[in-house]
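Student: task: produce atomic coordinates for the following.
(chains A, B, C and D)
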There are 2 protein chains.
Amino acid sequence: MPADHGIASDLKRSDLARLTGCNLETIRYYEGVGLMPDPPRSPAGHRRYGSAHVERLGFIMRARELGFTMKEIRGLLSMVDRGSHTCAEVEKRGRHHLDVVRAKIRDLQDIEAILADTIAKCSGSDTPECPLLTVLSDAAARSSNEVQTESYPSAATVAPGR
Amino acid sequence: MPADHGIASDLKRSDLARLTGCNLETIRYYEGVGLMPDPPRSPAGHRRYGSAHVERLGFIMRARELGFTMKEIRGLLSMVDRGSHTCAEVEKRGRHHLDVVRAKIRDLQDIEAILADTIAKCSGSDTPECPLLTVLSDAAARSSNEVQTESYPSAATVAPGR
DNA sequence: CCTTGATCCTGTAGTTGCTACAGATCCTAT
DNA sequence: ATAGGATCTGTAGCAACTACAGGATCAAGG
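Tutor: Numbering: from 1, shown residues only, chains lettered A, B, ... in the order given. Predicted coordinates:
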């Protein structure tokens, strides 16, 4: 096998985009908000990237795929940049993010249950009466065992105006 | 107990907000984007709402809670406004939204699995080595049975620059 | 060598769904 | 009458990008 001819460099912005799967414009955006460093420029002012940039942007993209917010990614990166990170601290942040992800899953599962239950009652016919519209129109139809504590005397029609 | 004196009216914007749980400013926003009708005004120009507005905003709020986008809500409302809705059509839209919700749940569950698996390997100690950082730094660590089809020769360090 | 088309540059506006502010007017209670 | 809330308008900000306009530059073909 031939010898490696050294660290790659001289990548254009489009190369970096292609290698990382990141949108071209987003690279500039990340530079603007300080997630990516200002790269060296060619004499004509074109950005020139190296493998270090590929690594860093790859890190950002994978964190994004895992749903980390920009703030969290920024925190992780600055820890690593400073070399002040420990597994314990990274794990702590990861666990916090996991909690957030699990909370979102629970919220969506609640929504899923209501939607599925309601839709199951739909007739699929041409009548205007619809269980889903009823649920959307009437708070009481949602949680039938919970009494509305404060509401206005109900009017005749749903979604009036026009 | 005194008799009900008819359909309510002359609600102020703050009243509507309180009755529906909607943010005060959001009401004006919904009016601006055409989700809520322009209400009648008092001589001095203050918005005056009635029970029909309470109903409509309640509809919007409940659709929001179920994760419908503004576009979907707009579609549902305009159907109902026109009186052209059928249970079949509403059900169709509801099922589509349910599909979207379920897809989101699956995405989040994938994320949850990767996070949980990775964090489980963390030592929680003071070392800088961390399985979670490894996963974020190295694409190969994510899907270990999938060969990277296109990537750059890897450099020494993760998250360089500084 | 020169042209042509692709790519790069900058700054700025649009997206979704709100939320919050500034500065002016108005209402309500004492 | 006056003090304090509440309302009015327009506009700016948030996350996290994405897309465009108008110009400069590069790379390949003739």
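Student: for the rest of this, base every contact and every neighbour count on C-alpha atoms.
Tutor: Will do.
Student: nearest spatial neighbour of A:L11, skipping sequence neighbours?
Tutor: A:Y49 (4.7 Å; C-alpha to C-alpha, 6 or more residues apart in numbering or on different chains).
Student: can you check A:G58 too?
Tutor: A:G58 sits nearest to A:T20 (C-alpha to C-alpha, 6+ apart), 5.7 Å away.
Student: quick check: that neighbour touching A:S51?
Tutor: No. Using C-alpha atoms under 8 Å, A:T20 is not in contact with A:S51; the gap is 11.0 Å.
Student: contacting residues for the residue nearest to A:G58?
Tutor: A:V54, A:L57, A:G58, A:M61 (C-alpha atoms under 8 Å, 6 or more residues apart in numbering or on different chains).
Student: related to what we said a few turns ago, state the pLDDT value of the residue nearest to A:L11.
Tutor: Among the per-residue scores, A:Y49 shows a pLDDT of 97.
Student: verify the contact between it and A:P39 for me.
Tutor: Yes. Shown here, A:Y49 and A:P39 form a contact pair, counting by C-alpha under 8 Å, at 6.3 Å.
Student: higher neighbour count, these two?
Tutor: A direct count of neighbours by other C-alpha atoms under 10 Å in any protein chain shown for A:Y49 and A:P39 places A:Y49 higher, at 20 against 14.
Student: if I pick the more buried one, what's in contact with it?
Tutor: A:S9, A:D10, A:L11, A:K12, A:R13, A:L16, A:P39, A:P40.
Student: at 6 Å instead, please
Tutor: A:S9, A:D10, A:L11 (C-alpha atoms under 6 Å, 6 or more residues apart in numbering or on different chains).
Student: need the helices for chain A, in chain order.
Tutor: Here chain A has its helices, by DSSP state H, at A:13-20, A:24-32, A:51-65, A:70-82, A:87-120, A:131-137, A:139-142.
Student: so which bits of chain A are right by DNA strand C?
Tutor: By the rule C-alpha under 7 Å from any atom of the strand, the part of chain A lying against DNA strand C is A:K12, A:R13, A:S14, A:D15, A:G45, A:H46, A:R47.
Student: tally of neighbours for the first one?
Tutor: Number of residues near A:K12 (other C-alpha under 10 Å) recorded here: 16.
Student: can you check the third one too?
Tutor: Counted with other C-alpha under 10 Å, the burial measure for A:S14 works out to 15 neighbours.
Student: now the fourth one
Tutor: By the other C-alpha under 10 Å criterion, the neighbourhood of A:D15 contains 15 residues.
Student: export the residues of chain A next to DNA strand C to TSV and tack on distance to A:T127?
Tutor: Formatted as TSV, the residues of chain A next to DNA strand C follow (distance: C-alpha to C-alpha, whole Å):
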residue	distance to A:T127
A:K12	59
A:R13	56
A:S14	54
A:D15	56
A:G45	65
A:H46	63
A:R47	61
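Student: look up phi and psi at the residue sitting nearest the centre point of chain A.
Tutor: Among the residues of chain A, A:G67 comes closest to the average C-alpha position under C-alpha atoms, centre = their mean, at 4.8 Å. The phi/psi pair for A:G67 (degrees, to the nearest 10) reads phi 80, psi 10.
Student: that one and B:A113: what is the separation?
Tutor: 13 Å (C-alpha to C-alpha, to the nearest Å).
Student: what's the answer for A:G34, then?
Tutor: Using C-alpha to C-alpha, A:G34 is found at 30 Å from B:A113.
Student: just A:A63 next, same as before
Tutor: 14 Å.
Student: which of the two has more neighbours?
Tutor: With neighbours defined as other C-alpha under 10 Å, A:A63 and B:A113 compare such that A:A63 has more, 21 against 12.
Student: which pLDDT value belongs to the nearest residue to A:Q109 once chain neighbours are set aside?
Tutor: Using C-alpha to C-alpha, 6+ apart and skipping residues adjacent in sequence, the residue nearest A:Q109 is B:I105, 7.3 Å away. B:I105 carries a pLDDT value of 95.
Student: neighbours around the residue nearest to A:H85 when sequence neighbours are not counted, how many?
Tutor: Nearest residue to A:H85, sequence neighbours excluded (C-alpha to C-alpha, 6+ apart): A:M79, at 5.2 Å. A:M79 has 16 neighbouring residues, counting by other C-alpha under 10 Å.
Student: noted, bye for now.
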